[in-house]
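Chemist: got a sequence here, can you model it:
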Amino acid sequence: MDSRTEPAEAEPEPAAAIRRPSRQSTAPRPPLVRELLLVVGLFVVYKVGRQLADGHTAEAFRNAHRVWDWERTLHLPGEGSVQDALLHSDTLVHLANTYYATVHFPATVAFLVWMYLRRPVHYVWARRVLAAVTAAALALHLTFPLAPPRLLAAAGLVDTGQVYGPTVYGAHPATDEMANQFAAMPSLHFGWALMVAIGLIAATRSRLRWLWLLHPLLTLLVIVGTANHYWLDAIVATALLGIALAVIRLPRGAGAAEARGLAAADEAYDEADGAAGNSGGAGGAGEKESIPELVGARR
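Modeler: This next block holds a predicted model:
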C-alpha cells in the first residue's frame with residue numbers, strides 16, 4: 001500500500017510573535033562610522049582653528065572697543081541689564097554659569113543623535129547647516145579676534161565664571177591652553193542652540209514644538225548675562241545661520257516622505273495585527289461551536 005504524507009499546514013504565527021515595524025527604519029541613514037568620523041573630524045578642525053586664532057591680544061581688545069561702540073550707536077540694550085538680573089541671586093548666577101559650561105555641546109550632540117535615529121533626512125540637512133555655520137564662525141574667529149565683554153574694562157561687567165563658578169576658561173587668557181578666549185564673534189553657543197530649535201520644529205509635528213525656541217532664548221540670556229558674549233555676537237550668529245539655511249535647504253517633501261514612511265509602518269503593523277486577530281477569532285469561533293454539543297451531551 002502506498003502511503004502518502006500530507007504536507008503539514010503552516011501554523012499561524014501567534015499574535016505575540018508579531019512585532020511592530022520599526023518606526024526608525026523608514027528612511028535610509030548615512031553610514032554610522034562615516035558620520036562619526038565626519039563629526040569628530042569637523043570638531044577637531046574647529047578646535048585647532050580656534051587655537052590658531054589665539055594670541056592676537058591687542059587686536060582682540062581693539063575690536064572689543066569697536067563692537068561696544070557699535071552697539072551703543074545702534075542703541076542696543078546694555079549687556080549689564082541682563083547681568084544685573086542674574087546678580088540678584090548667587091544661585092541664579094551659578095545656574096547660568098553651569099548652563100553655559102555644560103549644556104551647549106551635549107545638547108547639540110543629543111540633537112544630532114536623535115535626528116540620525118528618528119529623522120535621517122532632516123539629520124543630513126541639519127548636519128550640513130551646522131558644519132557650514134561652524135566653518136563660517138571659524139573664519140571670523142581667524143579674521144576678527146574679539147575679547148568678550150567680561151574682559152573689557154569699559155563694559156564694567158563681572159566675570160561671573162571666575163567670581164561665582166563654574167567656568168570653562170582660565171583666569172588669564174594669554175596662558176589659557178584649553179580655549180581661545182578671543183573668539184567671541186559669532187556666538188556658536190547661540191547659533192547652535194537656534195539651529196537645534198529650528199531643526200526640531202522642522203522635524204516634528206507636535207503642537208508644542210515651538211517651545212523648543214526657549215532653548216536659544218535661554219542660551220541668549222545666559223551668554224549675555226555671564227558677560228561671555230555681546231548682543232552683536234548673537235546677531236551675527238543668526239545672520240550666518242540664516243545664510244546657511246537659505247543655501248542648504250531641506251529636500252522638498254522630506255517631512256512628507258518621512259511621515260508617509262511612519263504611516264506605512266503603522267499600516268503594516270495594523271495589517272499584521274488584524275491578521276493575527278482574525279486567526280485568533282477563527283479559533284475562538286470553533287471553540288464556541290463545540291460548547292453547545294458538550295452541553296447537550298450532558299443533558
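Chemist: make sure residue 186 is actually in contact with residue 242.
Modeler: No. Contact criterion Cβ atoms under 8 Å: residue 186 and residue 242 do not qualify, at 11.8 Å. Using the backbone N, CA and C atoms, a C-beta is placed for each residue, glycine as well.
Chemist: more neighbours: which of those two?
Modeler: Of the pair residue 186 and residue 242, residue 186 is the one with more neighbours under other Cβ atoms under 10 Å, namely 26 against 12.
Chemist: residues contacting that one?
Modeler: 136, 137, 140, 233, 234, 236, 237, 240 (Cβ atoms under 8 Å, 6 or more residues apart in numbering).
Chemist: ok, the fourth one - contacts?
Modeler: Right, the one you point to is residue 233. Residue 233 neighbours (Cβ under 8 Å, 6+ apart): 146, 184, 185, 186, 187, 190, 223.
Chemist: show me those residues that map onto strands.
Modeler: Assigned to strands by DSSP state E, none of these qualify.
Chemist: turn these into TSV, including distance to residue 165.
Modeler: Listed next are these as TSV, based on distance: Cβ to Cβ, whole Å:
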residue	distance to residue 165
146	24
184	20
185	25
186	26
187	21
190	22
223	17
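Chemist: now those as CSV including pLDDT and distance to residue 68?
Modeler: Converted to CSV, those look like this (pLDDT from 0 to 100; distance: Cβ to Cβ, whole Å):
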residue, pLDDT, distance to residue 68
146, 93, 10
184, 91, 12
185, 94, 12
186, 94, 16
187, 95, 16
190, 97, 18
223, 97, 16
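Chemist: what about residue 214, neighbour count?
Modeler: 11.
Chemist: against residue 155, how distant is it?
Modeler: As judged by Cβ to Cβ, to the nearest Å, residue 214 and residue 155 stand 27 Å apart.
Chemist: return the set of buried residues in the helix or strand where residue 128 lies.
Modeler: Secondary structure assignment for residue 128, by DSSP states H and E: helix 120-143. The neighbour-count check on helix 120-143 (16 or more other Cβ atoms under 10 Å) flags 120-127, 129-134, 136-138, 140-141 as buried.
Chemist: low-scoring stretches of this protein, by residue?
Modeler: Along the chain, the model assigns pLDDT under 70 to residues 1-27, 49-55, 174-178, 253-299.
Chemist: mind jotting down where the helices sit in this protein?
Modeler: According to DSSP state H, the chain carries its helices in the segments 32-52, 57-73, 79-86, 90-102, 104-118, 120-143, 160-164, 188-203, 214-225, 231-247, 254-298.
Chemist: mind giving me a markdown table with those helices and columns for distance to residue 151?
Modeler: Shown next, in a markdown table, are those (distance: least, Cβ to Cβ, whole Å):
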| stretch | distance to residue 151 |
| --- | --- |
| helix 32-52 | 16 |
| helix 57-73 | 7 |
| helix 79-86 | 13 |
| helix 90-102 | 15 |
| helix 104-118 | 20 |
| helix 120-143 | 16 |
| helix 160-164 | 10 |
| helix 188-203 | 17 |
| helix 214-225 | 14 |
| helix 231-247 | 13 |
| helix 254-298 | 43 |
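Chemist: those: which one's closest to residue 170?
Modeler: Nearest to residue 170, of all the helices of the chain, is helix 160-164, at 9.3 Å by Cβ to Cβ.
Chemist: and the closest one, what's buried?
Modeler: Buried, per 16+ other Cβ under 10 Å, within helix 160-164: 160, 161, 164.
Chemist: just checking, what packs against it?
Modeler: helix 90-102 (3 or more Cβ pairs under 8 Å, 6 or more residues apart in numbering; DSSP states H and E).
Chemist: quick one, the helix it packs on and helix 104-118 angle?
Modeler: 50 degrees (axes from the mean of the first three to the mean of the last three Cα atoms, to 10 degrees).
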